[in-house]
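Peer 1: just need the structure, nothing else, for what follows:
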Amino acid sequence: MERLMIYSQDGMGLGHLRRTRNIAREVLAWHPACSILILADSPVVPFFSPLGGVDYLKLPTIVKTGDVTWQSSMLPLKISETVNLRAKVIRQVFREFKPDAVLVDHMPVGALGELKLLLESSVQRKRHSKFFLGLRDVLDAPEVIRRVWSGIGAYEYLQLYDAVLIYGSHQIYAAESFYDLTSYARQVTYCNYVVPRMHTDVPSHQPDEPFILVMGGGGKDSYPVAHTFLRAFPLLLSEMRLRALVLTGPHMDSAERTDLIAQAIGYPVEVLSSVEDATLLLRQAAAVVTMAGYNSLCEVLAWRKKALVVPRAGPSAEQRIRSQVFSQRGLVRMLDPDNLTPERMAQELMQLLTDDNIPNLDNIPPLDGAQQAALALLGKDEGGAMNHRLSRAGANRAAVKK
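Peer 2: This is a model prediction of the structure:
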């Protein structure tokens with residue numbers, strides 16, 4: 001494979017873009033000559049340091065306001081105009097770039113169906129490009145995904161993908177069953193969880209005082225967690241000696257970040273927007289407070305860290321489901337957002353710091369998803385290296401109706 005095009009829709013945060021970059025890095029590790037072009041609409045593109053062989057094309061940003069409703073984020077255009085513009089750009093880039101493979105992240109037909117014409121035309125041309133759909137372990141409540149995907153015709157388009165890659169484990173969450181993937185997709189492959197390649201040779205100096213790392217992900221909606229933590233911190237200090245570092249995330253509102261900095265005055269707490277690489281901080285932390293975003297939890301597991309997880313309250317059930325599943329396996333401690341108070345957070349953290357059974361190392365799932373996804377994209381999985389593969393019965397399902 002000489003050229004890979006990746007569609008990454010993430011108008012609010014960094015999660016999809018970070019996972020995409022991890023997979024792109026592994027593709028280049030196997031095939032350094034590959035050219036990778038990422039079409040993304042995250043407002044912080046490109047947030048990461050340059051990676052040779054990878055470039056980004058910024059699409060106009062749109063944000064989801066409901067299960068099936070969207071709005072333009074920056075341009076004062078109707079959503080239909082913005083999506084039409086994006087769809088045309090995507091098709092033109094595909095024609096000019098001529099990728100050998102296309103990886104579509106998260107959305108089978110793109111935002112509001114903007115990839116439908118691309119998928120249909122590629123079949124009509126008897127395409128040489130292979131198409132892959134990459135899905136994280138949990139998308140939303142199964143009934144929501146089935147309703148939304150049925151409403152936009154997404155299930156009919158699953159058969160146009162050469163394979164659906166799930167960035168998770170069948171033993172943890174059986175996504176192919178919950179979301180009815182095998183009834184439509186040609187092939188469903190579990191790749192395991194995706195984390196950055198771990199560099200264990202990097203020195204990890206242990207600080208004299210233990211500290212708690214509060215991670216806000218992209219930061220768009222992490223203020224309540226960080227705010228509650230800072231109110232809980234004096235209660236923790238009355239019981240133990242420690243300090244804290246709060247990473248708000250680049251998307252947090254500036255007024256909210258300023259408020260957190262003010263709250264931290266007088267306490268051994270540092271508040272930062274973000275750091276280039278949080279790995280060293282994560283390795284040194286005694287415990288982590290985080291929301292239940294995919295990348296945050298995967299990195300917590302990769303470094304075997306104690307974590308108190310506060311999932312996003314909604315509207316998607318994704319983070320609640322992931323938190324519950326991980327908590328039931330003894331991987332994290334979960335605090336429901338409905339019970340988010342300083343007193344409860346302080347209590348949960350004190351119990352977490354003294355609990356030697358979290359995380360349960362025996363239950364940590366395989367974390368080589370970036371490598372396995374790269375092998376699938378490069379066509380190097382002929383030997384069946386993937387941990388769980390399912391093929392659809394009834395492969396002669398009717399073609400997509402125009």
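Peer 1: could you check how far residue 96 is from residue 7?
Peer 2: Distance, residue 96 to residue 7, by CB to CB, to the nearest Å: 15 Å. Where you see a C-beta, it was placed from the backbone N, CA and C, and this is true even at glycine.
Peer 1: the more surrounded of those two?
Peer 2: The neighbour count for residue 96 versus residue 7, taken as other CB atoms under 10 Å, is higher for residue 7 (27 against 7).
Peer 1: look at the spatially closest residue to that one that is not a sequence neighbour and give its secondary structure.
Peer 2: Spatial nearest neighbour of residue 7, excluding adjacent residues (CB to CB, 6 or more residues apart in numbering): residue 104 at 4.8 Å. Using DSSP: H, G, I helix; E, B strand; the rest coil, the structure places residue 104 in strand.
Peer 1: hmm, what's the outermost residue in the protein?
Peer 2: Using CA atoms, centre = their mean, the residue of the chain lying farthest from its centre is residue 238. It sits 36.3 Å away.
Peer 1: show me the helices in the chain, by range?
Peer 2: With DSSP state H, the ranges of helices along the chain come out as 15-30, 79-97, 116-124, 142-151, 154-158, 175-178, 223-237, 254-264, 279-284, 294-302, 318-328, 342-353, 369-377.
Peer 1: most tightly surrounded among these?
Peer 2: helix 369-377 (a mean of 26; mean count of other CB atoms under 10 Å).
Peer 1: about what we covered before: how near is the residue nearest to residue 7 to residue 377?
Peer 2: 12 Å.
Peer 1: list the residues that contact both of the two?
Peer 2: residue 132 (CB atoms under 8 Å, 6 or more residues apart in numbering).
Peer 1: of all the helices of the chain, which lies closest to residue 37?
Peer 2: helix 79-97 (5.8 Å; CB to CB).
Peer 1: what helices or strands is the closest one leaning on?
Peer 2: If you count contacts as 3 or more CB pairs under 8 Å, 6 or more residues apart in numbering; DSSP states H and E, helix 79-97 packs onto strand 3-8, strand 35-40, strand 62-64, strand 70-72, helix 116-124.
Peer 1: dihedrals phi and psi, residue 192?
Peer 2: Main-chain dihedrals, residue 192, degrees, to the nearest 10: phi 80, psi 170.
Peer 1: number of residues surrounding it?
Peer 2: 25.
Peer 1: residues contacting it?
Peer 2: Contacts of residue 192 (CB under 8 Å, 6+ apart): 167-169, 365-369, 372, 387.
Peer 1: can you rerun that using 10 Å?
Peer 2: For residue 192, the contacting residues are 137, 166-170, 172, 298, 365-373, 386-388, by CB atoms under 10 Å, 6 or more residues apart in numbering.
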